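Chemist: Got a sequence here, can you model it:
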Amino acid sequence: MRNAGISETALFLDEIPFTTRRELDILDITDQIRRRIPGSGVIDGTAHIFAAGQTVAITTIEYEPGAVSDLRNAIRRLAPDGLDYEHNAAWGDGNGRSHIRASLLGPDLTVPVRSGRLLLGTWQQIVLVELDLRGRSRTVHLTVAGSGAGKN
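Modeler: Below you'll find the predicted structure:
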């Protein structure tokens with residue numbers, strides 16, 4: 001365990017816009033998150049990444065074509081097209097599967113920050129997954145909190 005010493009508490013908030021093109025669009029957003037960490041003032045803490053919206057998700061994956069295709073196929077199997085979703089009957093918008101898929105994947109992710117860097121595995125990228133029936137404008141809220149480079 002590292003001795004953190006005396007430091008100031010740092011809190012950084014940011015909003016990052018993304019545009020998706022279609023259902024099951026999977027965007028690698030790792031670099032957009034990673035670039036903001038040094039400017040956050042946080043040396044050791046956490047980065048919380050939250051996608052606003054009920055039909056969008058945040059997760060991690062090795063962002064390569066095979067794994068991305070496998071993720072899309074798994075999502076389709078979890079909440080298939082063509083089922084009778086109660087949401088569709090209530091709202092008539094046809095995206096009942098989108099809501100279920102988003103609930104299963106989840107809207108957020110927390111990643112440790114150590115020495116001013118995201119603590120991700122070598123092949124681990126942060127992705128935004130569009131689950132609505134069409135592309136959308138999305139906002140990802142980034143909160144980075146922890147100890148900063150205070151005055152010792």
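Chemist: So for the chain, the centremost residue is which one?
Modeler: The structure's the chain has its C-alpha centroid closest to Ile58; by Cα atoms, centre = their mean the separation is 2.9 Å.
Chemist: does it belong to a helix or a strand, and which?
Modeler: Assessed by DSSP states H and E, Ile58 sits inside strand 56-61.
Chemist: Not counting its own residues, what contacts the helix or strand just after that strand?
Modeler: Next helix or strand after strand 56-61 toward the C-terminus (DSSP H and E): helix 65-78. Residues outside helix 65-78 that contact it (Cβ atoms under 8 Å, 6 or more residues apart in numbering) are Leu24, Ile26, Ile61, Ile100, Arg101, Leu104, Leu105, Val129, Leu131. Where you see a C-beta, it was placed from the backbone N, CA and C, and this is true even at glycine.
Chemist: can we see that at 7 Å?
Modeler: Leu24, Ile26, Ile61, Arg101, Leu104 (Cβ atoms under 7 Å, 6 or more residues apart in numbering).
Chemist: got it, and stretch 100-116?
Modeler: By Cβ under 7 Å, 6+ apart, stretch 100-116 touches 37-38, 42-51, 54-60, 75, 78-79, 118-120, 126, 129, 131, 144, 146.
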